[in-house]
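Asker: Dropping a prediction and its sequence here:
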Amino acid sequence: MVSPDILKDKRLFIFDLDGTVYLGSKPFDFAVRYIGRLRASGRRVMFFTNNCSHSQTFYYTKLAALGFDPQRGEIMTAGDVTAEFILRRRPGASVYLLGTGELRRDWRTRGIRLVTDEEAALGIRADIVVSSFDTELTYERLTHAAVQIRLGAEYICTHPDFVCPTEDGFIPDSGSIAAALTAATGVTPRFFGKPGRDTVEMVLEVTRCRPSELCVFGDRLYTDIALGKKNGITSCLVLTGETTEEELKNTAPESMPDLVFPSLAEAEEAMFGE
């Protein structure tokens, strides 16, 4: 592992949300304080969540209510990255989206043509199936997605997270839904969000930063930390969410984070002192 002093040279600090800066509707007070001190010191902040069951507007409202004072351009989701890929690389493609009503409305606003449930039931085919963290999932919609994939639709998944941390424990996330579709169709999707390179490229494009100027904080080894390890970004694990100390002990050396903190309180202390 590297010295925590490396954080003092970073320009952009990327934070996961659930399990890192808050848990459900409960903010970590030390996270609010640390992020405030980063901004006050002239550093930049970005909140990036794989959880795209909600829109950017939702996260701005939530983070503001929890005391994080999010600024314009500081929030990005895996849904944003996936939508931009479709708009830029698959222009005009029709999409059957397994996602919340909020995500579907957001994508229609962006100009993505969505195949409705009624159209899918009538046999209208989509060019692409996208699955996500769909908290409104029904068996009927899961079946429509599987049929479309078996008929040849390209299969994309917004993010690979298997579970989502909540105040009441972990619940099935996007990766679990993707696993069900893969089991039913034999097709593995192309994943977006963390830890994909598409995510890094979009962050770099928006912020005009270099990878060496970034660090990422998160609670998951296979998404947050892997984002850093695979893309030349300093990776910082916090133990306030999914990953436990026992899991960390069993992690392969090449997958180990650059830094490990019990919480963001210790990261703040490492940078600013008591």
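Answerer: Structure received.
Asker: C-alpha only now, for contacts and for neighbours.
Answerer: Will do.
Asker: Now name the helix or strand holding the residue nearest to P160 when sequence neighbours are not counted.
Answerer: Of all residues not flanking P160 in the chain, G175 sits nearest, at 4.4 Å (C-alpha to C-alpha, 6 or more residues apart in numbering). Element membership for G175, per DSSP states H and E: helix 174-185.
Asker: related to what we said a few turns ago, quick check: the residue nearest to P160 touching C164?
Answerer: No - with contact defined as C-alpha atoms under 8 Å, G175 does not count as touching C164 (9.9 Å).
Asker: what residues do these two have in common as contacts?
Answerer: Counting by C-alpha atoms under 8 Å, 6 or more residues apart in numbering, G175 and C164 have no contacts in common.
Asker: pLDDT-wise, which helix or strand of this structure ranks last?
Answerer: The helix or strand of the chain with the lowest confidence, counting by mean pLDDT, DSSP states H and E, is strand 163-166 at a mean of 85.
Asker: neighbouring strands for that strand, and are they parallel or not?
Answerer: strand 169-172 (antiparallel) (DSSP bridges).
Asker: re earlier: so which residues make contact with the least confident helix or strand of the chain?
Answerer: 18-19, 23-24, 170-176, 241-242.
Asker: Just the CA trace of stretch 221-236, in CSV.
Answerer: Only the C-alpha atoms of stretch 221-236 are listed here, as CSV (Å, rounded to 0.1, in the frame of the first residue of the first chain):
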residue,chain,number,x,y,z
LEU,A,221,-13.6,-4.2,-4.1
TYR,A,222,-15.0,-5.4,-7.5
THR,A,223,-16.4,-2.0,-8.5
ASP,A,224,-15.0,1.0,-6.7
ILE,A,225,-11.5,-0.3,-6.0
ALA,A,226,-11.3,-2.2,-9.4
LEU,A,227,-12.1,1.2,-11.1
GLY,A,228,-8.9,2.5,-9.7
LYS,A,229,-6.8,-0.6,-10.1
LYS,A,230,-7.7,-1.1,-13.8
ASN,A,231,-7.4,2.5,-14.8
GLY,A,232,-4.4,4.0,-13.0
ILE,A,233,-6.4,5.8,-10.3
THR,A,234,-5.5,5.8,-6.6
SER,A,235,-8.1,3.5,-4.9
CYS,A,236,-9.2,4.0,-1.3
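Asker: For burial, what's the neighbour tally of A265?
Answerer: A265 has 18 neighbours, counted by other C-alpha atoms under 10 Å.
Asker: As a check, name the ranges of all strands in the stretch 51-200 of the chain.
Answerer: All strands of the stretch 51-200 of the chain, identified by DSSP state E, counting those that start in this stretch, fall at 75-77, 94-98, 113-114, 128-131, 154-157, 163-166, 169-172, 190-191.
Asker: okay, the angle between the longest one and helix 174-185?
Answerer: Going by axes from the mean of the first three to the mean of the last three C-alpha atoms, to 10 degrees, strand 94-98 is angled at 110 degrees with respect to helix 174-185.
Asker: Fine, thanks again, bye for now.
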